[in-house]
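Enquirer: would you be able to build a 3D model of this:
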Amino acid sequence: MPHPSAAAMLPSPSSLLRLLRRPHPRLLPPPPPLLTRFLSSSSPGDAAGWASYDPLTDSLAPPAAAAAASDSEASAEGEAWGVFDAVTGRIVMKEHPPYSQPPPPGPDEERSTVGRRRSAGVKDEARWSSVAAVGKARGKAGKERASYVCGNCGEGFSQWWGTCRHCEAMGTLTKYVPGSDPGASVGSHHAFRSWIPQKSKEMVPQSLQQVTKGVDQSEWRIPLSGNFGMEIARVLGGGVVPGSLILVGGDPGVGKSSLILQLASIMSENIGAGESSAVVYVSGEESIEQIGNRADRMSIKSRNLYLYSSTDIEDILDKIQPLSPRALIIDSIQTVYLRGFAGSAGNMTQVKECTSALLRFAKLTNIPVILIGHVTKTGDIAGPRLLEHIVDVVLYMEGERCLSHRLLRSVKNRFGSTDELGVFEMSGYGLQPVLNPTEMFLTEHDSDSEILAGLAVAVVLDGSRTFAIEVQALCVSGSPRNGEVVGIPRNRADIIISVLMKQAGLKLQDNAVFLNVVSGFMLTETAGDLAIAASICSSFLEYPIPNDIAFIGEVGLGGELRTVPRMDKRVLAIAKLGYKKCVVPKTSEKLLRPLNLELEILPCSNLKEVINTVFRPQG
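Expert: Coordinates of the predicted model:
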């Protein structure tokens with residue numbers, strides 16, 4: 001029902017009808033500032049205008065007063081808008097409706113705006129962080145789509161389930177709604193399936209001659225100088241490829257950060273003409289002071305090495321853009337995150353999407369990116385298996401924490417071979433390359449020493465590197481316990497012991513056989529079978545093996561000796577170390593004869609011939 005005082009002020013029944021259509025302010029929540037529209041007197045049928053409500057007097061003002069006050073302006077513009085100001089108690093006139101966008105600027109205003117931006121030095125260049133930003137998911141306008149993320153495995157679902165359908169964990173799904181901040185990137189789990197965004201109108205197929213024209217393959221890679229750089233370049237296939245994405249994994253404390261910090265120092269020093277000299281090392285685990293302390297301990301004094309500590313991918317790309325670095329290093333991929341994706345840093349979704357964003361950045365800017373990755377209990381790189389498919393190169397750093405030697409192994413390499421192996425030694429000043437890795441697992445012994453009983457030298461290949469490995473055996477008669485095996489697969493050791501008892505006639509039934517590989521090396525290649533058998537025979541017969549004899553060959557179940565691949569390379573490596581004799585399978589004698597080495601080849605057909613050749617008394 002309308003207000004009593006309002007009925008006396010209504011000039012006509014049409015005004016009463018308008019009042020009935022207007023809700024009373026006391027019956028509804030407080031509305032926004034009262035909006036009153038004033039029409040020109042030339043409009044037919046609306047000469048009376050609209051009645052305006054005054055909240056101070058709780059009454060309706062006559063429409064004639066409001067129309068008379070604005071009659072001159074309304075006739076000039078044709079239409080005006082008034083907004084009630086609760087502070088002054090007046091109607092404020094506006095040229096356009098409130099709560100609406102102002103009219104677009106004209107051509108003159110737009111040109112003046114561009115001129116002011118140019119005079120202020122604002123550049124219209126693309127930001128590097130845009131390659132990591134996630135576009136808003138398509139859907140109904142104004143409606144945010146919620147998703148549910150498992151806190152255990154990081155898998156996302158479109159609806160809530162009591163149990164995660166991926167890892168089957170109970171009660172781990174949490175609701176995630178993308179933020180409404182216009183400055184932040186908003187997205188979903190399934191956005192950005194394309195790693196390298198390309199515009200179809202700009203990208204056209206090119207012939208091989210056009211792509212390779214003017215490219216010198218010898219100078220294409222970033223060179224790595226020095227013995228340390230050459231050792232890493234061997235594993236990478238000749239150097240760092242521009243625009244590549246390299247992943248380095250390894251156990252905690254094995255020396256990944258030290259290796260990459262030394263690599264960053266080398267890359268920042270070898271600068272060619274017209275090339276950027278900056279290399280940025282970004283850590284999400286350490287502060288820049290801690291990284292600087294480690295660099296000082298390793299005597300790294302490079303001026304072109306920049307340090308930064310952050311975990312936000314978009315922030316990292318924004319901060320390094322003014323430097324235009326030669327390379328970017330992220331330590332580690334499990335500590336960084338993207339704002340537009342659910343979950344904390346380190347879950348499967350974040351690791352996958354951060355790696356994809358860095359891949360897009362590397363391909364579009366031609367800047368190599370090196371990532372450090374954590375490993376799981378089984379030794380695999382943490383995160384989804386897709387991570388190793390995204391990157392270009394996967395390197396593993398191996399080594400026991402109690403030992404000084406470290407091995408850098410290539411598992412995947414799109415730009416080189418995976419047969420190469422880098423050998424380093426950990427010291428107080430960082431990692432040092434091993435110049436002669438063939439003899440690093442050997443120890444010096446006196447030829448008359450009794451400890452040579454039960455010790456034999458095997459020649460194995462790891463990648464393209466040849467290593468001489470010492471194998472030790474100990475036979476204890478009457479021992480109530482079974483022997484232990486270290487560094488050799490247990491099933492392989494049991495087979496060799498059984499063959500020696502059956503085919504060679506050694507009575508090892510009442511003996512406990514202990515086997516060990518010196519320096520913690522894992523002997524998995526079958527080329528070491530003959531050395532294992534020889535060490536067991538030496539310990540059982542209590543006959544020392546001369547320290548100038550090496551063993552190469554595989555042992556079959558019938559006691560026969562079988563040849564192994566790359567026999568010539570193994571024999572050449574053992575000859576350079578000064579060995580005088582080498583026991584090999586008889587089938588490889590013809591292959592080794594043309595080498596003309598200062599090394600006596602002792603071909604044998606089976607284990608009985610090996611025992612008669614090596615363990616016979618010297619006359």
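Enquirer: look at Ser265 and give its secondary structure.
Expert: Secondary structure state of Ser265, per DSSP: H, G, I helix; E, B strand; the rest coil, is helix.
Enquirer: repeat that for Gly292.
Expert: Assignment for Gly292 (three-state DSSP): helix.
Enquirer: measure the closest residue to it other than its chain neighbours to Ala264 for me?
Expert: Distance criterion Cβ to Cβ, 6 or more residues apart in numbering; nearest residue to Gly292, sequence neighbours excluded, is Leu307 at 6.5 Å. C-betas here are computed from N, CA, C, even on glycine. For Leu307, the distance to Ala264 equals 10 Å [Cβ to Cβ, to the nearest Å].
Enquirer: joint contacts of the two?
Expert: With contacts taken as Cβ atoms under 8 Å, 6 or more residues apart in numbering, the residues that reach both Leu307 and Ala264 are Tyr281.
Enquirer: about what we covered before: count the residues that sit near the residue nearest to Gly292.
Expert: The tally of other residues near Leu307 (other Cβ atoms under 10 Å) stands at 19.
Enquirer: pLDDT on the helix ranked longest in the chain, on average?
Expert: Secondary structure of the chain per DSSP state H: the longest helix is helix 348-365. Across helix 348-365, pLDDT averages out at 91.
Enquirer: could you dump it to PDB, C-alpha only?
Expert: Presented in PDB, the C-alpha positions along helix 348-365 are these (Å, rounded to 0.1, in the frame of the first residue of the first chain):
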ATOM      1  CA  MET A 348      51.600 -34.500 -10.500                       C
ATOM      2  CA  THR A 349      49.500 -31.800 -12.000                       C
ATOM      3  CA  GLN A 350      51.800 -29.000 -11.100                       C
ATOM      4  CA  VAL A 351      54.900 -30.900 -12.100                       C
ATOM      5  CA  LYS A 352      53.500 -31.700 -15.500                       C
ATOM      6  CA  GLU A 353      52.100 -28.300 -16.300                       C
ATOM      7  CA  CYS A 354      55.200 -26.400 -15.000                       C
ATOM      8  CA  THR A 355      57.400 -28.600 -17.200                       C
ATOM      9  CA  SER A 356      55.100 -28.000 -20.200                       C
ATOM     10  CA  ALA A 357      55.200 -24.200 -19.600                       C
ATOM     11  CA  LEU A 358      59.000 -24.200 -19.400                       C
ATOM     12  CA  LEU A 359      59.100 -26.300 -22.600                       C
ATOM     13  CA  ARG A 360      57.000 -23.700 -24.400                       C
ATOM     14  CA  PHE A 361      59.300 -21.000 -23.100                       C
ATOM     15  CA  ALA A 362      62.500 -22.800 -24.300                       C
ATOM     16  CA  LYS A 363      61.100 -23.400 -27.800                       C
ATOM     17  CA  LEU A 364      59.800 -19.900 -28.300                       C
ATOM     18  CA  THR A 365      62.800 -18.100 -26.900                       C
END
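Enquirer: need the next SSE after it, C-terminal direction.
Expert: As assigned by DSSP states H and E, the chain's next helix or strand after helix 348-365 is strand 369-373.
Enquirer: which residues sit against the next helix or strand after that following strand?
Expert: Moving toward the C-terminus from strand 369-373, the next helix or strand (DSSP H and E) is helix 386-390. The contact list for helix 386-390, computed with Cβ under 8 Å, 6+ apart, reads 195, 245, 247, 333, 351-352, 355-356, 359, 373, 381, 394, 411-412.
Enquirer: repeat the analysis, applying 10 Å as the threshold.
Expert: 195, 245, 247, 249, 333, 348, 351-352, 354-356, 358-359, 371, 373, 380-381, 384, 394, 411-412 (Cβ atoms under 10 Å, 6 or more residues apart in numbering).
Enquirer: quick check: can you list the domain ranges of the protein?
Expert: 147-174, 223-433, 455-615 (the TED database).
Enquirer: export the ones you listed to TSV and tack on distance to Ala132?
Expert: What follows is the domains of the chain, written out as TSV (distance: least, Cβ to Cβ, whole Å):
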stretch	distance to Ala132
domain 147-174	18
domain 223-433	4
domain 455-615	35
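Enquirer: can you give me the angle the longest helix of the chain makes with strand 369-373?
Expert: Relative orientation of helix 348-365 and strand 369-373, computed by axes from the mean of the first three to the mean of the last three Cα atoms, to 10 degrees: 160 degrees.
Enquirer: any of the contacts of helix 386-390 buried? List them.
Expert: Burial by neighbour count, 16 or more other Cβ atoms under 10 Å: within the contacts of helix 386-390 this picks out 245, 247, 249, 333, 348, 351-352, 354-356, 358-359, 371, 373, 381, 384, 394.
Enquirer: averaged pLDDT, stretch 245-254. What do you get?
Expert: 92.
Enquirer: now for the strand ranked longest in the chain, which elements pack on it?
Expert: In terms of residue count, the longest strand belonging to the chain (DSSP state E) is strand 465-477. Packing partners of strand 465-477 (3 or more Cβ pairs under 10 Å, 6 or more residues apart in numbering; DSSP states H and E): strand 421-427, strand 455-462, helix 490-502, strand 511-517, helix 529-541, helix 567-576.
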